[in-house]
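Asker: build me a model from this:
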Amino acid sequence: MNTNVYKFLDLHQGEEDKTRVYENIKSNISFRGSNLWILICAILIASIGLNVNSAAVVIGAMLISPLMGPIVGAGFALGTYDFELLRKSGKNLMIATVSSLIVASLYFYLSPFKETQSELLARTSPTIYDVLIAFFGGLAGIVALTRVEKGNPIPGVAIATALMPPLCTAGYGLAIGNYKYFLGAFYLYTINCFFICIATFLIIKYLKYPHVKFPNPQLEKRIRYGITTLIFVLIIPASYLAYDLLIEKTFLQNVDKYITEVFTKQGDGVIYKNVKFHSSPKIIELSLYKDDSFTMKEIDSLNNLLAYYHLDNTKLLINNDIKTETVDQSKIIDPTIEMKLEIAKLKSEILALKDPYSGVKEEIKVLFPEISDVSFGIQNVDDNESTTQYNTMMIVCPKPLKKNKSEQLETWIRHRISKDTVIIVHKTP
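Answerer: Residues are numbered from 1 along each chain as shown. Model prediction:
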């Protein structure tokens with residue numbers, strides 16, 4: 001039974017001649033002549049697709065892109081200790097990457113349409129799923145390349161691993177001067193390259209491709225040590241990166257659960273969400289569509305709830321005073337943010353008009369404890385030609401204020417409510 005299962009899963013069945021596989025991989029790493037022109041065309045098509053927010057156009061660009069060639073070549077070289085192939089693959093990958101960034105940057109710089117579309121935003125922040133897609137896509141790609149019958153996986157791998165879109169998005173970031181977009185997209189591109197390369201290396205080692213022989217044993221030993229070190233340099237940081245992205249994904253899921261249960265289900269609509277995972281403490285910044293603002297006591301209570309959702313070392317910030325032109329567009333959840341914030345602002349102003357001095361009254365009672373009640377109003381005084389309005393404040397206290405206290409109150413209240421003239425009327429209960 002075990003033998004039958006092994007045969008069923010055996011990758012050596014249907015395997016292409018190893019020399020032919022090597023020649024095929026070697027021929028696809030170069031970016032000269034037609035390959036370079038195909039790359040440029042693919043970059044322009046992908047950039048246009050991202051610019052007009054067309055997923056179909058982006059997929060078409062990925063299908064014709066030759067970017068995977070040098071990445072697979074590098075993985076093959078690591079698995080066979082082929083230093084010359086590794087050098088050529090690295091050089092051509094560098095040429096392809098720089099050329100792609102230049103072409104994409106020029107396109108977006110010259111394009112009259114520079115809006116940040118959803119297809120662009122989707123390539124600015126890598127997740128653990130990007131790691132998994134790149135790794136398993138790389139596995140499928142190299143398995144297909146080592147078969148006699150190549151079959152259909154190659155086009156699918158080109159689409160799934162998505163090397164072209166993040167590179168174009170990095171060019172877009174450079175063109176508009178948004179280095180956050182550039183770094184995020186280039187980070188995603190680098191992740192894809194790393195994990196395709198690692199997947200290729202693992203399959204080549206599993207299939208036991210012969211190592212390159214050198215006439216000089218000492219040179220061969222140094223090259224093997226050097227390439228082995230490079231393999232560890234690639235695998236260890238890549239493994240940590242995958243783990244970090246997994247932890248980040250878990251954190252973001254907890255954040256979504258917290259927001260849903262604490263705000264959304266309570267009727268508080270979330271307009272804007274910005275999560276900073278790599279800061280210390282971690283930050284959750286929210287803007288809410290809410291009729292009234294939270295008190296400091298309520299915000300403290302909301303922060304205390306974070307631990308219940310496994311959001312340790314995290315701080316909640318609520319900021320309802322945001323503008324769409326000053327925030328990261330990818331963090332806006334509700335596209336009608338400006339209208340809703342304006343409505344919320346008007347509601348607050350209406351509430352304030354009902355009693356504009358409610359806050360002042362509380363302050364007076366703290367600063368002047370002998371005053372038991374305060375009311376504000378406007379008194380109209382008619383003279384021969386016109387009517388003059390005076391701001392009045394009636395204070396209620398058991399006995400009249402002393403002269404110095406009365407003067408102190410008058411000076412303070414004029415400054416506090418920004419009125420030049422305030423008539424204070426004393427009243428005893």
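Asker: so residue 185 touches residue 166, yeah?
Answerer: Yes - counting by C-beta atoms under 8 Å, residue 166 is a contact partner of residue 185 at 4.5 Å. Where C-beta positions appear, they are placed from N, C-alpha and C, glycine not excepted.
Asker: more neighbours, those two?
Answerer: More crowded of residue 185 and residue 166, by other C-beta atoms under 10 Å: residue 185, with 28 against 25.
Asker: element containing the more buried one?
Answerer: Assessed by DSSP states H and E, residue 185 sits inside helix 179-206.
Asker: now the element after that helix, going C-ward?
Answerer: Next element after helix 179-206 (DSSP H and E): helix 217-262.
Asker: average pLDDT across that next one?
Answerer: Computed over helix 217-262, the mean pLDDT rounds to 80.
Asker: which elements pack onto whichever helix or strand comes after that helix?
Answerer: Per DSSP H and E, helix 217-262 leads on to strand 269-276 as the next helix or strand towards the C-terminus. The helices and strands touching strand 269-276, judged by 3 or more C-beta pairs under 8 Å, 6 or more residues apart in numbering; DSSP states H and E, are helix 217-262, strand 282-289, helix 337-354.
Asker: in strand 269-276, what counts as buried?
Answerer: Buried residues in strand 269-276, counting neighbours by 16 or more other C-beta atoms under 10 Å, are found at 270-275.
Asker: send me it as CSV with only the CA atoms.
Answerer: Extracted C-alpha coordinates of strand 269-276, given in CSV (Å, rounded to 0.1, in the frame of the first residue of the first chain):
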residue,chain,number,x,y,z
GLY,A,269,-20.3,53.2,12.0
VAL,A,270,-16.6,53.1,11.3
ILE,A,271,-15.5,55.5,8.5
TYR,A,272,-11.8,55.3,8.7
LYS,A,273,-9.4,52.6,10.2
ASN,A,274,-5.7,52.8,10.4
VAL,A,275,-3.8,50.0,12.2
LYS,A,276,-0.1,50.3,13.0
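Asker: got the angle between it and helix 217-262?
Answerer: Counting by axes from the mean of the first three to the mean of the last three C-alpha atoms, to 10 degrees, strand 269-276 lies at 150 degrees to helix 217-262.
Asker: show me the residue sitting in the middle of this structure in space.
Answerer: Nearest to the mean C-alpha position of the chain, counting by C-alpha atoms, centre = their mean, stands residue 125 at 4.5 Å.
Asker: measure the closest residue to that one other than its chain neighbours to residue 190 for me?
Answerer: For residue 125, ignoring the flanking residues on the chain, the nearest one in space by C-beta to C-beta, 6 or more residues apart in numbering is residue 184 at 5.2 Å. According to C-beta to C-beta, to the nearest Å, residue 184 and residue 190 sit 11 Å apart.
Asker: quick one: which of these two has more around it?
Answerer: residue 184 (21 against 16).
Asker: pLDDT wise, what is residue 201 at?
Answerer: Value for residue 201, per-residue pLDDT: 88.
Asker: that one against residue 78, yeah?
Answerer: Yes - at 4.7 Å, residue 201 and residue 78 qualify as touching, with contact defined as C-beta under 8 Å.
Asker: just send the buried residues of strand 269-276 back as TSV, with distance to residue 236 and pLDDT too.
Answerer: Output for those, formatted as TSV (distance: C-beta to C-beta, whole Å; pLDDT from 0 to 100):
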residue	distance to residue 236	pLDDT
270	39	77
271	41	76
272	38	76
273	33	81
274	31	83
275	27	85
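Asker: and after the lowest-mean-pLDDT helix or strand in the chain, which helix or strand comes next?
Answerer: Ranked by mean pLDDT, DSSP states H and E, the weakest helix or strand in the chain is helix 337-354, scoring a mean of 58. For helix 337-354, the succeeding helix or strand toward the C-terminus, using DSSP H and E, is helix 358-367.
Asker: tell me which of the helices and strands packed on strand 269-276 sits nearest to residue 132.
Answerer: Closest of the helices and strands packed on strand 269-276 to residue 132 is helix 217-262, at 8.3 Å (criterion: C-beta to C-beta).
Asker: in stretch 57-65, which residues are buried?
Answerer: Quick answer for stretch 57-65 (16+ other C-beta under 10 Å): 57-62, 65.
Asker: so where is the stretch 301-429 of the chain shaky, pLDDT-wise?
Answerer: For the stretch 301-429 of the chain, the stretches flagged by pLDDT under 70 are 320-359, 376-391, 393, 418-429.
Asker: picking that back up, which of the buried residues of stretch 57-65 fall in helices?
Answerer: Within the buried residues of stretch 57-65, residues falling in helices by DSSP state H are 57-62.
Asker: could those go into TSV alongside distance to residue 283 and pLDDT?
Answerer: Below are those laid out as TSV (distance: C-beta to C-beta, whole Å; pLDDT from 0 to 100):
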residue	distance to residue 283	pLDDT
57	36	84
58	32	82
59	36	82
60	39	82
61	36	82
62	35	82
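Asker: dump those residues to JSON lines, plus distance to residue 262.
Answerer: Below are these laid out as JSON lines (distance: C-beta to C-beta, whole Å):
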{"residue": "57", "distance to residue 262": "41"}
{"residue": "58", "distance to residue 262": "37"}
{"residue": "59", "distance to residue 262": "39"}
{"residue": "60", "distance to residue 262": "44"}
{"residue": "61", "distance to residue 262": "42"}
{"residue": "62", "distance to residue 262": "40"}
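Asker: kindly provide the whole-number mean pLDDT of stretch 204-213.
Answerer: Averaged over stretch 204-213, pLDDT sits at 85.
Asker: can you list contacts of that stretch?
Answerer: Stretch 204-213 has contacts (C-beta atoms under 8 Å, 6 or more residues apart in numbering) with 11-12, 15, 18, 21-22, 75-76, 78-84, 142, 146, 220, 224.
Asker: now the angle from the helix holding residue 185 to helix 217-262?
Answerer: On the basis of the same axes, to 10 degrees, helix 179-206 is oriented at 130 degrees to helix 217-262.
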